[in-house]
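Asks: model the following, please.
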Amino acid sequence: MLLLAAGVASLCAQDATQSPKPMRASITDSHEGMTVGVEPWTQPSRYKQKFPKKTPLMGGVVAVQVSFRNDSDQSIKVDLQRIRLLVQISEDSRQELNALSAEEVADAVLLKNNGKDPTAKRVPLPIPIPSTGVKTQRDAKWSDFRDTCQNAAVPSNVVAAHSTVEGLLYFDLRGEVELVQSSRLYVPNLVTMTDHQPLSYFDIDLGHASSSAQ
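Replies: Now for the predicted structure:
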């Protein structure tokens, strides 16, 4: 019995020190104990599981699934508000897009005509700003869709030691999904929670990402 107990204790100790399982992502980048995995959802079929009815893509918003895997021995804080999608509009024009809140995604899908006009001249993409004057139009359907977007979003800005946090970030591309291929995801301001040491930023090229990954 003592040998059996010792064996179980040994297995538990091994499990506690093992890194999280590999992430399901189109592209990953790793350094300093943190791995960031990214999968842009550019195909309508990719949204079916989390968005059975309306989807962000219907409002021109592209969801990007982001996974943060922490293989280090201390928690790491990620500044989600500082993450940007760097979009290369043309050879000499690049824009930085903030991630949308769940409320802004719901507005884009249910309260705005945000589709792409293929005949229109390309103009700079909008920098998302808080919606005003639309609260009276926000009904139960709006609230339900907002909650669906929130539930699918990145749930926490703290990644515990040897754990993974995964969820969606939303970016308003006004339906121009092809711009993902010339975009980069910029993730700065990662800091260890114990000694407050900053990590190097991540700058992930989305041009080689596959939207069909499951």
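
Asks: following the lowest-mean-pLDDT helix or strand in the chain, which helix or strand comes up?
Replies: Ranked by mean pLDDT, DSSP states H and E, the weakest helix or strand in the chain is helix 2-17, scoring a mean of 40. Next in sequence after helix 2-17, counting helices and strands by DSSP states H and E, comes strand 27-31.

Asks: buried set for that following strand?
Replies: Across strand 27-31, burial judged by 16 or more other Cβ atoms under 10 Å covers Ile27, Thr28, Asp29. From N, CA and C alone the C-beta is placed, and that goes for glycine too.

Asks: now for it, which elements pack on it?
Replies: Contacts defined by 3 or more Cβ pairs under 8 Å, 6 or more residues apart in numbering; DSSP states H and E place strand 27-31 against strand 34-41, strand 202-205.

Asks: and if we set it to 10 Å?
Replies: Judged by 3 or more Cβ pairs under 10 Å, 6 or more residues apart in numbering; DSSP states H and E, strand 27-31 is in contact with strand 34-41, strand 61-70, strand 183-187, strand 202-205.

Asks: surely Gly175 touches Met58?
Replies: Yes - the criterion here is Cβ atoms under 10 Å, and Gly175 meets it with Met58 at 9.1 Å.

Asks: figure out how far stretch 56-65 is from the centre of its chain.
Replies: Relative to the mean C-alpha coordinate of its chain, stretch 56-65 is positioned 11 Å out (Cα atoms, centre = their mean, to the nearest Å).

Asks: start to end distance for that stretch?
Replies: Stretch 56-65 has an end-to-end distance of 13 Å (Cα to Cα, to the nearest Å).

Asks: from here on, call the first residue 14.
Replies: Okay, using 14 as the starting number, the last item reads as stretch 69-78.

Asks: pLDDT on that stretch, on average?
Replies: Mean pLDDT, computed over stretch 69-78, is 96.

Asks: do stretch 199-218 as well
Replies: Regarding stretch 199-218, the rounded mean pLDDT is 97.
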